[in-house]
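Q: After the sequence you'll find the predicted model.
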Amino acid sequence: MGSFTFSCSCLSSIDQFCITSRHARVRRLSNIKLTHRIVCILTVICLLHGIPALMFFEISPITNKCVNVNQGFSIYILVYAFCLNSIGPLIIMIVFGYLTYRNVHSIRIPVDRQLVKMTLCQVILIFMTAVPYATVLAYNLLTATLKKDSNRLVNEYFAISFLGLWTYLYYGGSFYVFFISSSRFRRTVKEKVFLWQNRNQINPHVQASIQ
């Protein structure tokens, strides 16, 4: 779920860069058909990514907990979480956010400027939520071959668990970041939320009486 969300955020920043490009060939890359294909491919990849977990996780007869029994897969999980769920999306969004800002810097269109502002706020949110988790994962990966006592293992497990939960702020926080940073987004949300009032509103109809 996390990789799919971060991937969609990265694709969104790339799409904004394509839309604001001065080259028609690059702008043509932003189309609904290509978007559908990319999302379908991304969905299949994310589903296939979860298959190894079914193979390498088993119930431990000692602790009665579901644990990973493959050391290579443990390293893969750490590398995957560090590169694809933390630093990777952050770098992609920073690069394409900067390129988009450069494209629309001279354009006098408030909507485009709001898109850039939303992207920059999203980059800050990823930095606040994903980088701490990536840091502790990198530390865990670099010290994986060292002997650790039980107290150190408990502290590392607590840090990974806490910062792993901390990253979930990104999923819910994106809405509030967009709501605060974009007046157009706030107006759209208000129109959607209060749509029922417009539907239930009774317009007075005056009938002329014939005398």
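A: Great, that's in hand.
Q: elements contacting the helix ranked longest in the chain?
A: In the chain, taking DSSP state H as the definition, the longest helix is helix 110-142. The contact analysis (3 or more CB pairs under 8 Å, 6 or more residues apart in numbering; DSSP states H and E) places helix 110-142 against helix 2-19, helix 71-82, helix 88-104, helix 150-166, helix 169-181, helix 183-193. Every residue, glycine included, has its C-beta placed from N, CA and C.
Q: Nearest to Ile124 among these would be which one?
A: helix 169-181 (8.1 Å; CB to CB).
Q: what does the closest one rub up against?
A: With contact meaning CB atoms under 8 Å, 6 or more residues apart in numbering, helix 169-181 is reached by 2, 5, 9, 114, 117-118, 121-122, 125-126, 128-130, 185-186, 189.
Q: Please spell out the PyMOL selection for the buried subset of the residues you listed.
A: In PyMOL syntax, the buried subset of the contacts of helix 169-181 is picked out as below (16 or more other CB atoms under 10 Å):
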select buried, resi 2+9+114+118+121+122+125+126+129+130+185
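Q: Could you tell me which ranges of the protein sit under the pLDDT cut-off?
A: Applying pLDDT under 70 to the chain picks out residues 1-2, 63, 106-113, 116, 144, 196-211.
Q: How about Ser21: what's its closest non-neighbour residue?
A: Arg27 (5.4 Å; CB to CB, 6 or more residues apart in numbering).
Q: Quick check: the gap between the one you found and Tyr76.
A: Distance from Arg27 to Tyr76, counting by CB to CB, to the nearest Å: 38 Å.
Q: ok, now Asn140?
A: Taking CB to CB, one finds Asn140 at 13 Å from Tyr76.
Q: Tell me which of those two has more neighbours.
A: Neighbour totals were compared for Asn140 and Tyr76, and Asn140 leads with 17 against 14 (other CB atoms under 10 Å).
Q: so that one makes contact with Tyr157?
A: No: at 9.4 Å, Asn140 does not count as touching Tyr157 under the criterion of CB atoms under 8 Å.
Q: OK, contacts around the nearest residue to Leu163 once chain neighbours are set aside?
A: Using CB to CB, 6+ apart and skipping residues adjacent in sequence, the residue nearest Leu163 is Tyr133, 4.2 Å away. By CB under 8 Å, 6+ apart, the contact list for Tyr133 reads Ala81, Asn85, Ser86, Ile160, Leu163, Gly164, Trp166, Thr167.
Q: Give me the buried entries from those.
A: Going by neighbour count (16+ other CB under 10 Å), these have Ala81, Asn85, Ser86, Ile160, Leu163, Thr167 buried.
Q: For stretch 52-72, list the C-alpha coordinates in PDB.
A: Below are the C-alpha coordinates for stretch 52-72, written out as PDB (Å, rounded to 0.1, in the frame of the first residue of the first chain):
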ATOM      1  CA  PRO A  52       7.500 -13.400  -1.500                       C
ATOM      2  CA  ALA A  53       6.100 -12.500   1.900                       C
ATOM      3  CA  LEU A  54       3.700 -15.500   1.600                       C
ATOM      4  CA  MET A  55       6.800 -17.700   1.000                       C
ATOM      5  CA  PHE A  56       9.300 -16.500   3.500                       C
ATOM      6  CA  PHE A  57       7.100 -15.700   6.500                       C
ATOM      7  CA  GLU A  58       6.200 -18.600   8.900                       C
ATOM      8  CA  ILE A  59       4.800 -19.100  12.400                       C
ATOM      9  CA  SER A  60       7.700 -19.500  14.800                       C
ATOM     10  CA  PRO A  61       7.100 -22.600  17.100                       C
ATOM     11  CA  ILE A  62       9.000 -20.800  19.900                       C
ATOM     12  CA  THR A  63       7.300 -17.400  20.000                       C
ATOM     13  CA  ASN A  64       4.100 -18.300  18.000                       C
ATOM     14  CA  LYS A  65       4.600 -15.200  15.900                       C
ATOM     15  CA  CYS A  66       4.800 -14.700  12.200                       C
ATOM     16  CA  VAL A  67       8.500 -14.100  11.400                       C
ATOM     17  CA  ASN A  68      10.700 -14.000   8.400                       C
ATOM     18  CA  VAL A  69      12.800 -17.100   7.900                       C
ATOM     19  CA  ASN A  70      14.900 -15.900   5.000                       C
ATOM     20  CA  GLN A  71      17.900 -13.700   5.700                       C
ATOM     21  CA  GLY A  72      18.200 -12.500   2.100                       C
END
